[in-house]
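Peer 1: Sequence first, predicted model second:
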Amino acid sequence: MTKTLTFALVAAAALAGCDQSDHTINANAPGDQANAANAIAPVDMPPAIVASKIYRCKDNSVVYIDWLAGDQSANLRTEKGGAPTRLTADTAGGALMAEGYSLIGLSTAKTVTLTRLGKGAQACRA
């Protein structure tokens, strides 16, 4: 009986040392990092590339055009692997413009008209 009583006293002392405060986790608590991540505004994805074509222009130069979904934008590169210039239009199928550039055509066409500073307008063929 002494062993049982000693064991009971040791167990009671061990439990008395435990913190009895409430440890409920509230997933909706303010300041929670998970809520901060959910509060971030959704991000719009850039338009997908629907066609990538290489064009040779009348002056024998080569341009690389990535046509983007929606027919309102394209990325133009004047060198392979060069930095792209984003050309945009106000309406689908309209002239795509950027500073120093104008592009008339569609991703499905074999010929486009490209205007560049110092070179004027010229036809370019895929």
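Peer 2: Nice, thanks for sending it over. Numbering: from 1, shown residues only.
Peer 1: Could you please name the strands the longest strand along the chain pairs with and the direction of each pair?
Peer 2: Using DSSP state E, we find that the single longest strand of the chain is strand 49-57. Sheet partners assigned to strand 49-57 using DSSP bridges are listed as strand 62-68 (antiparallel), strand 120-125 (antiparallel).
Peer 1: mind checking which of those is nearest Thr108?
Peer 2: The stretch from the strands paired with strand 49-57 with the least distance to Thr108 (C-beta to C-beta) is strand 62-68; that distance is 8.8 Å. To be clear about C-beta, it is placed using only N, CA and C from the backbone, and glycine gets the same treatment.
Peer 1: so Arg86 touches Asp66, yeah?
Peer 2: No - with contacts counted by C-beta atoms under 8 Å, Arg86 stays clear of Asp66, the gap being 9.8 Å.
Peer 1: Between those two, which is the more surrounded one?
Peer 2: When neighbours are counted by other C-beta atoms under 10 Å, Arg86 and Asp66 differ, and Asp66 comes out ahead with 17 against 14.
Peer 1: how near is the residue nearest to the more buried one when sequence neighbours are not counted to Ser61?
Peer 2: Of all residues not flanking Asp66 in the chain, Asn75 sits nearest, at 4.2 Å (C-beta to C-beta, 6 or more residues apart in numbering). Distance check for Asn75 against Ser61: by C-beta to C-beta, to the nearest Å, it reads 17 Å.
Peer 1: Between these two, which has more neighbouring residues?
Peer 2: It is Asn75, of Asn75 and Ser61, that has more neighbours when counted by other C-beta under 10 Å, with 17 against 14.
Peer 1: so who does that one touch?
Peer 2: Taking C-beta atoms under 8 Å, 6 or more residues apart in numbering as the contact definition, Asn75 lies against 49, 65-66, 68, 84-87.
Peer 1: which two from those residues end up farthest apart in space?
Peer 2: Every pair of the contacts of Asn75 checked by C-beta to C-beta; the farthest is Ile49 and Thr85, at 15.0 Å.
Peer 1: Mind jotting down where the helices sit in the chain?
Peer 2: The residue ranges that make up the helices of the chain, judged by DSSP state H, are 2-16, 33-38.
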